[in-house]
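[1] Fold the following, please.
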Amino acid sequence: MTISYDKLWKILIDRKMNKKDLRLAAGVSTAVIAKLGKGANLTTDILLKICMALDCDIVDIMEIDKRESE
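    Residues are numbered from 1 along each chain as shown. The predicted structure follows:
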């Protein structure tokens with residue numbers, strides 16, 4: 001099982017935001033944005049910053065991908 005941030009990318013598209021806009025709004029580093037792109041694990045502090053910047057709940061930006069990872 002892995003974490004999927006597909007929901008986050010859909011929110012950004014709907015709000016006409018790009019990754020740089022998210023980085024600036026949430027006050028996170030480019031390394032964090034890169035980790036999001038790779039589906040890596042992030043701390044809850046980082047996820048909270050993103051949720052606060054987007055005014056959403058954590059379930060709105062991520063989900064568990066139950067498919068077998070290769």
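[2] confidence score at residue 68?
    On the pLDDT scale, residue 68 is placed at 64.
[3] Pull out the buried positions in the lengthiest helix in the chain.
    Longest helix in the chain by number of residues (criterion: DSSP state H): helix 44-54. Within helix 44-54, the residues scored as buried using 16 or more other C-beta atoms under 10 Å are 46-47, 49-51, 53-54. Where you see a C-beta, it was placed from the backbone N, CA and C, and this is true even at glycine.
[4] That helix packs against which elements?
    The helices and strands touching helix 44-54, judged by 3 or more C-beta pairs under 8 Å, 6 or more residues apart in numbering; DSSP states H and E, are helix 19-26.
[5] Name the residues that touch the helix or strand following the helix it packs on?
    Using DSSP states H and E, the helix or strand that directly follows helix 19-26 along the chain is helix 30-38. Identification of contacts with helix 30-38 by C-beta atoms under 8 Å, 6 or more residues apart in numbering yields 5, 8, 19, 22-23, 41-42, 46.
[6] and if you look at stretch 58-70?
    1-8, 11, 39, 47-48, 50-51, 54.
[7] that older thread, what's the lowest-pLDDT member of the contacts of helix 30-38?
    Lowest pLDDT among the contacts of helix 30-38: residue 41, 91.
[8] Now that residue: closest residue in space that isn't a chain neighbour?
    Among residues not flanking residue 41 along the chain, residue 3 sits closest, at 6.4 Å (C-beta to C-beta, 6 or more residues apart in numbering).
[9] what sits against the one you found?
    When contacts are counted by C-beta under 8 Å, 6+ apart, residue 3 touches 39-41, 62-65.
[10] Just the buried residues out of those residues, in ChimeraX syntax.
    Remark: buried members of those, expressed as a ChimeraX selection using 16+ other C-beta under 10 Å:
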select :62
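[11] could you dump the contacts of residue 3 to JSON lines with secondary structure and distance to residue 29?
    Compiled in JSON lines, these are given as follows (DSSP: H, G, I helix; E, B strand; the rest coil; distance: C-beta to C-beta, whole Å):
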{"residue": "39", "secondary structure": "coil", "distance to residue 29": "17"}
{"residue": "40", "secondary structure": "coil", "distance to residue 29": "13"}
{"residue": "41", "secondary structure": "coil", "distance to residue 29": "16"}
{"residue": "62", "secondary structure": "coil", "distance to residue 29": "18"}
{"residue": "63", "secondary structure": "strand", "distance to residue 29": "24"}
{"residue": "64", "secondary structure": "strand", "distance to residue 29": "25"}
{"residue": "65", "secondary structure": "strand", "distance to residue 29": "24"}
